[in-house]
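K.L.:
how does the following fold in three dimensions:
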Amino acid sequence: MRRSLAVFLCLSSLAVARSAASPPGEVTLRGYVVDAMCGRAMAGKAKGMQQAAAHTRACALDAECAASGYGVFTEGGWYVFDARGDSLAAAVLSASARAKGILCEVAGTPKGGELTGVRLREIDSAGRTVPAAGGTKETGR
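P.N.:
Numbers count the residues shown, from 1 in each chain. Below is the predicted model of the structure:
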């Protein structure tokens, strides 16, 4: 009985610590950061994820495309960033050494068709943070 109680208390404290670490309703996604103009065109297409992986950094930073905002294209779909997320995405894109396929881990809360309270970092295919030209680039913390 004591052992069961100890295990229960340990697991309960882990659950509390986990919930304190991220806001309620927050999701963590892995996908490609794309400008909204191109992302909307890719959404719903059979090869949308492949198109997002091939999307160039230069296009995303082009004035017209950048003005449309940003989002993340994942296996689960297209998620548009709020204004804060747009700023963070622009910073990650500007600092990236990649010419295309800017893979990121994105955390935020889906709200009203947008991903709000965004935090993001560029990653490699193994999920490790990719150093930017001037060092590690993680934004939103």
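
K.L.:
okay, the spatially closest residue to residue 45 that is not a sequence neighbour and residue 73: tell me how far apart.
P.N.:
The spatial neighbour of residue 45 that comes closest, neighbours along the chain excluded (CB to CB, 6 or more residues apart in numbering), is residue 51 at 6.8 Å. C-beta coordinates here come from the backbone N, C-alpha and C atoms, glycine included. Using CB to CB, to the nearest Å, one gets 8 Å for the distance from residue 51 to residue 73.

K.L.:
the helices in the chain, which residues?
P.N.:
Counting by DSSP state H, one finds helices in the chain at the ranges 2-21, 36-42, 48-54, 57-61, 63-67, 83-95.

K.L.:
hmm, back to that, wait, doesn't the residue nearest to residue 45 sit right on residue 40?
P.N.:
No - counting by CB atoms under 8 Å, residue 51 sits too far from residue 40 to count as a contact (11.8 Å).

K.L.:
tell me which of residue 51 and residue 73 has more neighbours.
P.N.:
The neighbour comparison of residue 51 against residue 73 (other CB atoms under 10 Å) goes to residue 73, with 23 against 18.
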